[in-house]
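Peer 1: Attaching a predicted model along with its sequence, questions to come.
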Amino acid sequence: MAIHEGANELFYQYYKRWITIYKEGAIRDVTMQKYRMTYVWVRKLAPELKVCDLNRISYQQLLNDYAQEHERQTTMDFHHQLKAAVLDAVDEGYIKRDPTRKA
């Protein structure tokens, strides 16, 4: 299986593009602000993480780093917003397995 072009994209860039395609105009502004804040945090915490390098360990580390500065429920929201984008990356073939499983 050939590596898809999107697999080498930085994860935060993929996530921003995913928000634009799937969420813009489809959700309330207040919810959109939460997705944008998630993007800001992903960019801050994992600026060099590529989509193809997402695995259970790198994903869990991202959640752990986020959780150091946030409450449990906020961290769960962060996880759920990222998970939707990550599952689409799996569907597109950018990632072989779902790294969010059991996170």
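Peer 2: In hand now; what should we look at?

Peer 1: switch to C-alpha atoms for all contacts and neighbour counts from now on
Peer 2: Fine.

Peer 1: where do the helices sit along the chain?
Peer 2: Taking DSSP state H as the criterion, the chain carries its helices at 11-22, 29-45, 56-67, 72-91.

Peer 1: Report the central residue of the chain.
Peer 2: Centroid check for the chain by CA atoms, centre = their mean gives Leu82 as the closest residue, at 3.4 Å.

Peer 1: From Glu48, how far out is that residue?
Peer 2: From Leu82 across to Glu48, the span is 16 Å (CA to CA, to the nearest Å).

Peer 1: next one: Ala103
Peer 2: Going from Ala103 to Glu48 by CA to CA gives 21 Å.

Peer 1: still on that earlier bit, nearest approach to Asp98 belongs to which of the helices of the chain?
Peer 2: helix 72-91 (6.4 Å; CA to CA).

Peer 1: Show residues contacting the closest one.
Peer 2: For helix 72-91, contacts defined as CA atoms under 8 Å, 6 or more residues apart in numbering pick out 15, 18, 35, 38, 51, 63, 66-67, 95-100.

Peer 1: repeat for stretch 93-102
Peer 2: So stretch 93-102 is contacted by 3-7, 51-52, 54-57, 59-60, 83, 86-87, 89-90 (CA under 8 Å, 6+ apart).

Peer 1: Please produce a ChimeraX select command covering the buried subset of those.
Peer 2: Those of those that count as buried under 16 or more other CA atoms under 10 Å are selected in ChimeraX with:
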select :6,7,51,52,54,55,56,59,60,83,86,87,89,90
